[in-house]
Structures are given as C-alpha cells and as structure tokens.
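Participant: Provided below for reference: sequence and predicted model.
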Amino acid sequence: MKQFKAIIWGLAIITLGVIFGGNALGLFNINVFFDGWWTLFIIVPSAISLITEKNRIASLVCLAVGVLFLLAAQNVFSYETAGKAALALFLVMAGLMLIFRSIFKKNNDKEIEKKVHDLKDGKSMDSQTAVFSGSDRVYNGEVFTGSDLVAVFGGVELDLRNAKFEKDTAIKAFCLFGGIDIKVPKDVQVKIKSGFIFGGASDERKGEVGKGKYTIYLDVAGGFGGVSINDKDE
C-alpha cells in the first residue's frame, strides 16, 4: 500500500512539473494559482488517503472540509459559513464515532488497559517520538520489554520481527495526523485497545497469527491517524 501511495504522489508531482514546464515554454497556459489553490494541500492528500488507507472516514471528512473552503474561495459562500460548516461536520462525526464506539465497545478493553498499566508500572521502556518527522527502530536479537510511541504529523516504525520475547509486553501509542507501523512476528499475539477518533488500529498479518507463547498488549489513542500491525516489508 505504501508503494501504491508513493506512485500516486509521484504522478501528482510529475503532473505539477509538466504544468510548470509547459507554462514556462509557452506550450500551454494552465493557471495553477487559482482562487483557493491552497485548499489542494487539504484536498489532494485526503483524496489519496481515501484510496490508499483503510481508515476512510477521516479522509472523507478532511476532503469535505477542503472542498468547503475551496467553494468559499470561489465565492460560492463566505469563509465564515465554510468554517461553521466544517466545525459542525467535525463535531457531528466525532460525536457519532464516540457513541458508536461506546455502544460496541469491546469487552476486553478494560483488561488490556489494566495489563498495559501493570506491565508499564515502574519498568524501563523504549520510546520513539516523531513530530513532523520519522523515527525507525529495529530490534535485531535484542530483548523487547515494551515501548512508548508518539507520532504527530509524522511516522514511527517499530520492527520486532527479530526481537526476543521473554514475557508479555506492552506498547502505548499516540498518533495524531500521523502513522505508526509495528512489525510483529506471527507467533506473537497482539491484543488491541483503540481510543481513536477518525482513525484506528488493525492487525494486518495474514494467515494464522497469535498462536505463540507471548502477547503484546497495545493501547493506542489519537485522531486522524492509524496504527498498523504487520509482519512484512511494505
């Protein structure tokens, strides 16, 4: 999926380069800087995420907000109206998400939350933080004892495929407008508690997984982002 996303971004950049080049050579005249052109920085990433990401609700909301401000820039209605409509959209969707998750809350959420607290309490854990940046950590024969992960407008990758597990462990993750990718071997079970608004966490490993001796308890929170559990290079 990352490769597909890179291809789409590559094509978008090439298209922009062709437009600038054609304008400079006089081959055609395409005005990129139309009224509200800046909304493309919201609309284009949201449209790409709508195609490439599993969490499409957040992408759809951001796309709608981008379109609202584009219409305001085109004088269809005022920026004040667009802002109020965008805020209303966020509030309604956030409320619906909270209600939905409260009604369909998993029975093991409290168990996972307690496990994470107990496993973290007084113990040394690695940490990774990416704010407008990226952070990679690869375990190669080292013992994994747990981790705190934070991604804010950035990406974190934690590779545990060659890590040693001596007991159950915990991962606490926070993701806001970012992504966290955790690579875990198939013989390690992962139990997830997700507190995302417009986002989520998913175990994307194929086949029979989680039949091993040890368990990772993953407690994730945040918004407009996602946490992916997999066992392959993407």
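Facilitator: Happy to help now that I have it. Residues are numbered from 1 along each chain as shown.

Participant: residue contacts, residue 89?
Facilitator: 61, 64, 65 (Cβ atoms under 8 Å, 6 or more residues apart in numbering). Every residue, glycine included, has its C-beta placed from N, CA and C.

Participant: Next secondary structure after the helix or strand of the chain with the lowest mean pLDDT?
Facilitator: Ranked by mean pLDDT, DSSP states H and E, the weakest helix or strand in the chain is helix 109-120, scoring a mean of 66. Once the chain leaves helix 109-120, the next helix or strand it forms, by DSSP states H and E, is strand 126-131.

Participant: List the buried residues for stretch 166-174?
Facilitator: For stretch 166-174, burial by neighbour count (16 or more other Cβ atoms under 10 Å) applies to 168, 169, 170, 171, 172, 173, 174.

Participant: can you confirm residue 206 is in a strand?
Facilitator: No: using DSSP: H, G, I helix; E, B strand; the rest coil, the assignment for residue 206 is coil, not a strand.

Participant: What is the neighbour count of it?
Facilitator: 9 (other Cβ atoms under 10 Å).

Participant: just residue 40 next, same as before
Facilitator: 16.

Participant: now do residue 224
Facilitator: By other Cβ under 10 Å, neighbour count at residue 224 equals 20.

Participant: which SSE is it in?
Facilitator: Per DSSP H and E: strand 215-230 holds residue 224.

Participant: I'd assumed residue 228 was in contact with residue 175.
Facilitator: No: when contacts are counted by Cβ atoms under 8 Å, residue 175 is not listed as touching residue 228 (10.4 Å).

Participant: In the protein, where is pLDDT below threshold?
Facilitator: 1-6, 52-56, 97-124, 198-199, 207-211, 233-234 (pLDDT under 70).

Participant: So which residues of it form helices?
Facilitator: 2-25, 40-52, 56-73, 79-103, 109-120 (DSSP state H).

Participant: Give the other helices and strands that the second one contacts.
Facilitator: Put plainly, it is helix 40-52. Here helix 40-52 touches helix 2-25, helix 56-73, going by 3 or more Cβ pairs under 8 Å, 6 or more residues apart in numbering; DSSP states H and E.

Participant: quick one: the nearest residue to residue 179 once chain neighbours are set aside from residue 126, how far?
Facilitator: Excluding the flanking residues, the one nearest residue 179 by Cβ to Cβ, 6 or more residues apart in numbering is residue 155, at 4.9 Å. Taking Cβ to Cβ, to the nearest Å as the measure, residue 155 falls 17 Å from residue 126.

Participant: Tell me which residues touch the closest residue to residue 132 other than its chain neighbours, please.
Facilitator: Leaving aside its chain neighbours, residue 132 sits nearest to residue 153 (4.9 Å; criterion: Cβ to Cβ, 6+ apart). Counting by Cβ under 8 Å, 6+ apart, residue 153 touches 131, 132, 176, 177, 178.
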